[in-house]
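J.: Structure here, sequence nowhere to be found:
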Ligand SMILES: [Zn+2]
């Protein structure tokens, strides 16, 4: 009895050891940044629950930031957002997480208190590339909050607001600061 129990333990131990030795780092496949509109709606709904304009803005801005820095998804940069810490504004963070893969949980996306933002500025966003320390700073002007509030007061459908936010000229949504 003792022998057979011991045999069992040895077999289990061997199996665990075998499993460990064969284990590899999980492979992360970056999701293509250019999603079709339907895929983007699906992705945002799945993660965020709806497709509000701030989430879409975050999605677009996040893709731009990674391309601008030439860094990879998930781990390429440290992104800091200074802005109002209340919805719907904070929906921007979820859009940013969808495209950049940088997340609150990993700590490479952080929200800072709104204090210190420049006048006329809704968000100040800073992204620092992990590899070479390159920094990109972006302002989202207060006029964006006015624009989105106007759309939302016009009884537009979620689909209409989605289309408008996705096609709105990027230079009116955010500007790079020196
Ligand atoms: Zn939202």
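T.: Cool, the structure landed. Computed from a predicted structure; not experimentally measured.
J.: mind listing the strands for this structure?
T.: Residue ranges of the strands in the chain, as given by DSSP state E, are 77-82, 109-112, 121-129, 135-141, 175-177.
J.: Next, the buried residues of the second one.
T.: Pointing back at strand 109-112 there. The neighbour-count check on strand 109-112 (16 or more other C-beta atoms under 10 Å) flags 109, 111 as buried. C-beta: built from backbone N, CA, C; applies to glycine.
J.: what's in contact with it?
T.: Under the contact criterion C-beta atoms under 8 Å, 6 or more residues apart in numbering, strand 109-112 has outside partners 78-83, 85, 90, 93, 96-97, 100, 102-104.
J.: Quick check: closest non-adjacent residue to the residue of the chain found nearest the ion.
T.: Distance from the ion to each residue of the chain (C-beta to the ion) is smallest for residue 91, at 3.1 Å. In space, and not counting its chain neighbours, residue 91 is closest to residue 54: 3.8 Å by C-beta to C-beta, 6 or more residues apart in numbering.
J.: got the contact list for the one you found?
T.: 88-92, 95, 148.
J.: and the gap between the residue of the chain closest to the ion and residue 142?
T.: 17 Å (C-beta to C-beta, to the nearest Å).
J.: With neighbour numbers in mind, choose between those two.
T.: More crowded of residue 91 and residue 142, by other C-beta atoms under 10 Å: residue 91, with 21 against 15.
J.: Quick one: residues contacting the spatially most central residue of the chain.
T.: For the chain, the residue nearest the mean C-alpha position is residue 97 (1.4 Å; C-alpha atoms, centre = their mean). Under the criterion of C-beta under 8 Å, 6+ apart, the neighbours of residue 97 are 47, 58, 62, 103-104, 109.
J.: picking that back up, redo the strands of the chain as JSON lines? Include mean pLDDT.
T.: Formatted as JSON lines, the strands of the chain follow (pLDDT from 0 to 100):
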{"stretch": "strand 77-82", "mean pLDDT": "96"}
{"stretch": "strand 109-112", "mean pLDDT": "94"}
{"stretch": "strand 121-129", "mean pLDDT": "96"}
{"stretch": "strand 135-141", "mean pLDDT": "97"}
{"stretch": "strand 175-177", "mean pLDDT": "95"}
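J.: what's the closest of those strands to residue 155?
T.: Smallest distance to residue 155 across these (C-beta to C-beta): 23.3 Å, for strand 121-129.
J.: and that closest one, how far out from the chain's middle?
T.: When distances are taken as C-alpha atoms, centre = their mean, to the nearest Å, strand 121-129 is centred 13 Å away from the chain's centroid.
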